[in-house]
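In: what would the 3D arrangement of this be:
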Amino acid sequence: MPHEFTEAEIEIIKESFNHFDLDGNGVITKKELGTIMRSLEHVLLHLQESFTDEQVEEMLKEADLDEDGKVTFEEFVKMLAKKEASEEEEQRTFMLFDRNGDGTITTRELGTVLRSLGQNPTEAELREIVHKLDTDKNGTIDFPEFLNLMEKEVKNLGLQDLMDL
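Out: The predicted model follows:
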């Protein structure tokens, strides 16, 4: 189900859209889309990392419903709503792993979830998985690190695939 933005959020989106619609024609191009998404990512989408060019290209394909190479404001809002709904789903999934709700996934929590999925990882395997995913090296997996994992579609991979990351 698409995310519903508040009036205040719609106003922020509209201001950003208009700011990057340099010629005022009511549409933004691929280049402008990348710039606008990077401007909104921290404020509106609560993201920790910048969008890659490949992600912007994928967003353009997703948002450009009439495939004219340009994105209207309406197409842009629909794309943002879908992206926000997707992140909300990822947040719910993260919370399933984060058993104690402290905002991080420990080796113990990871093991509990993997065992519930029919895997039987050793403690050494769990530590290795966390070590590979833990980009800030604090010993746990936080939400941005979890998002990196989800982007690799690890949910469909087995234990050995996790070890090979």
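In: how many residues are close by residue 18?
Out: 14 (other CB atoms under 10 Å). (Glycine included, C-beta is placed from N, CA and C.)
In: confirm it sits in a helix?
Out: Yes: assessed with DSSP: H, G, I helix; E, B strand; the rest coil, residue 18 lies in a helix.
In: check which element follows the longest helix along the chain along the chain.
Out: Secondary structure of the chain per DSSP state H: the longest helix is helix 73-97. Using DSSP states H and E, the helix or strand that follows helix 73-97 in sequence is strand 104-105.
In: my guess is residue 126 contacts residue 107, does it?
Out: Yes: if you go by CB atoms under 8 Å, residue 126 and residue 107 touch, sitting 4.2 Å apart.
In: buried set for the longest helix of the chain?
Out: 73, 75-84, 87, 90, 94, 97 (16 or more other CB atoms under 10 Å).
In: the helices in this protein, which residues?
Out: According to DSSP H, the helices that the chain contains are 7-20, 30-40, 53-63, 73-97, 107-116, 123-133, 143-151, 159-163.
In: what about the first one, average pLDDT?
Out: Think helix 7-20. Throughout helix 7-20, pLDDT has a mean value of 88.
In: that helix vs helix 30-40, what angle?
Out: Put simply, helix 7-20 runs at 140 degrees to helix 30-40, going by axes from the mean of the first three to the mean of the last three CA atoms, to 10 degrees.
In: which residues touch helix 7-20?
Out: Contacts to helix 7-20, defined as CB atoms under 8 Å, 6 or more residues apart in numbering, come from residues 5, 24, 28, 32, 35-36, 39-40, 43-44, 73, 76-77, 80.
In: and that helix, how far out from the chain's middle?
Out: Helix 7-20 sits 21 Å away from the centroid of its parent chain (CA atoms, centre = their mean, to the nearest Å).
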